[in-house]
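Novice: Model the following, please.
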Amino acid sequence: MLHRIEGYRNTLMDSMAAVADDAVAGLQPARISYDTGKVDFSHNRREPVPGGGWTFGMDPKGPVDQTVPVLRVFGMDGRLRGVLFGLACHPSALTYEFYVVSGDYAGIAQAAVEQAHPGATALFMQLCGGDQTTYPRRKMELAEKYGRELGAEVDRVMQGPMKPVRSPLRIAMLTTELPFAPFSIEQFERQAKDKDELVRTHAERMLKQYAAGSPPLPNLPYTMQAIRFGHGLTLLAMNHEVVVDYDLRVKKEYGAEDMIVAGYSNARECYIPSLRVLQEGGYEARDAILMGSFPGPFGDRVEEIIFSGVRELMRAVGRAPVR
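Specialist: Here you go, the predicted model:
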């Protein structure tokens, strides 16, 4: 089995390198335009449990952003060369019951757009969907339905009037440090006897790190980028699985018009919870991070540290806050 996995990995890496080479070799001037649409199948998956706690499901009152940003790329010959679109939603209509290689609703939408526009390349960008998913799900026909709906909305936006994306291009990037909640070897020694299997196995993993002479680090390096086109469209790209609260707060502080906030950019190691999610607990705040090699949940300052970086990036690219 291992040789099959390695073979697939190597083939995939070679294919990605070849595609990148082709893309660079095929660079040419283009005209880009932008607008947004909306779909209604994405929802907040953090469903409250009676009596306390959270489970995977759907919270109709939970924060959500169903906006579909669309970037359309025309060649100088007037032909559609490509389209980039996104959504703050896990492509997880197909769950663990499906043993198929699939792009889920996002890949189905890409295929639909490319079928409608032969010769164009369709690309999907995952936005701040760390706590967002499709609902209902767990059926192939649902993934196909959502994919068709998303593809149709992208096509509708492209057929209408779109705003030109102009130069100059301004780019800024920074790396900050996100602190984990305080921890100690004594804490892990106690937790290694905990009745909760998740807590116990995580503590055992941490103790092994101490024994190997490499105790867990107190902070996680965190990188963000801002890209601004002229005086309009701004893309904020954030590492890891970012919950939708960040998307909504950025748009509140800097305006939703001509703003794209993307998670899953450049690296994906863990969830990035907001202060609200940290205080509520649950999978994105605690459970998921205990499954890995980090020392535990983030500290309460994470959201403000990130927004301090966001403000620095926005100043660098000339995007002013909403007055």
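
Novice: so where do the helices sit in the stretch 101-250 of the chain?
Specialist: Counting by DSSP state H, counting those that start in this stretch, the stretch 101-250 of the chain forms helices over residues 104-116, 140-159, 185-191, 197-211, 244-254, given from the N-terminal end onward.

Novice: Which positions in the last one come out as buried?
Specialist: Across helix 244-254, burial judged by 16 or more other Cβ atoms under 10 Å covers 244-251, 254. Placement of C-beta: from N, CA and C, glycine included.

Novice: and if you look at the third one?
Specialist: By neighbour count with 16+ other Cβ under 10 Å, helix 185-191 contains the buried residues 188, 191.

Novice: And the lengthiest helix in the chain, how far out from the chain middle?
Specialist: Using DSSP state H, we find that the single longest helix of the chain is helix 2-25. Remark: helix 2-25 is offset 23 Å from the chain centroid, using Cα atoms, centre = their mean, to the nearest Å.

Novice: Touching, V242 and I272? I think so.
Specialist: Yes - A contact is recorded between V242 and I272 when judged using Cβ atoms under 8 Å, the distance being 4.6 Å.

Novice: who has more neighbours, those two?
Specialist: Using other Cβ atoms under 10 Å as the criterion, V242 and I272 rank with V242 on top: 29 against 25.

Novice: List the residues that contact the nearest residue to L127 once chain neighbours are set aside.
Specialist: Ranked by Cβ to Cβ, 6 or more residues apart in numbering and with sequence neighbours excluded, the top spatial neighbour of L127 is A88, at 3.9 Å. Taking Cβ atoms under 8 Å, 6 or more residues apart in numbering as the contact definition, A88 lies against 42, 64-67, 126-129, 132, 244, 247, 263.

Novice: Considering those, which is situated nearest to G82?
Specialist: Top of the list for closeness to G82, among the contacts of A88 and by Cβ to Cβ, is Q126 at 17.4 Å.

Novice: Need the pLDDT of that closest one.
Specialist: Predicted confidence (pLDDT) for Q126: 96.

Novice: Please render the helices of the stretch 101-250 of the chain as a markdown table that adds mean pLDDT to the earlier fields.
Specialist: Supplementary listing: the helices of the stretch 101-250 of the chain in a markdown table, determined by pLDDT from 0 to 100:
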| stretch | mean pLDDT |
| --- | --- |
| helix 104-116 | 97 |
| helix 140-159 | 97 |
| helix 185-191 | 97 |
| helix 197-211 | 97 |
| helix 244-254 | 98 |
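
Novice: Going by neighbour count, which residues in stretch 274-289 are buried?
Specialist: With burial defined by 16+ other Cβ under 10 Å, the residues of stretch 274-289 counted as buried are 274, 277-278, 280-289.

Novice: Rebuild the residues you listed as TSV, extending it with pLDDT, secondary structure and distance to Y34.
Specialist: TSV is the format used below for the buried residues of stretch 274-289 (pLDDT from 0 to 100; DSSP: H, G, I helix; E, B strand; the rest coil; distance: Cβ to Cβ, whole Å):
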residue	pLDDT	secondary structure	distance to Y34
S274	98	coil	27
V277	97	helix	30
L278	97	helix	33
E280	95	helix	34
G281	94	coil	38
G282	94	coil	35
Y283	95	helix	34
E284	97	helix	30
A285	96	helix	34
R286	96	helix	38
D287	96	helix	37
A288	96	helix	33
I289	96	helix	35
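
Novice: ok, so of the residues you listed, who is nearest Y210?
Specialist: Top of the list for closeness to Y210, among the buried residues of stretch 274-289 and by Cβ to Cβ, is I289 at 18.0 Å.

Novice: Nearest residue to that closest one in space, please, no chain neighbours.
Specialist: C270 (5.4 Å).

Novice: Hmm, the one you found is touching L220, no?
Specialist: Yes - if you go by Cβ under 8 Å, C270 and L220 touch, sitting 7.5 Å apart.
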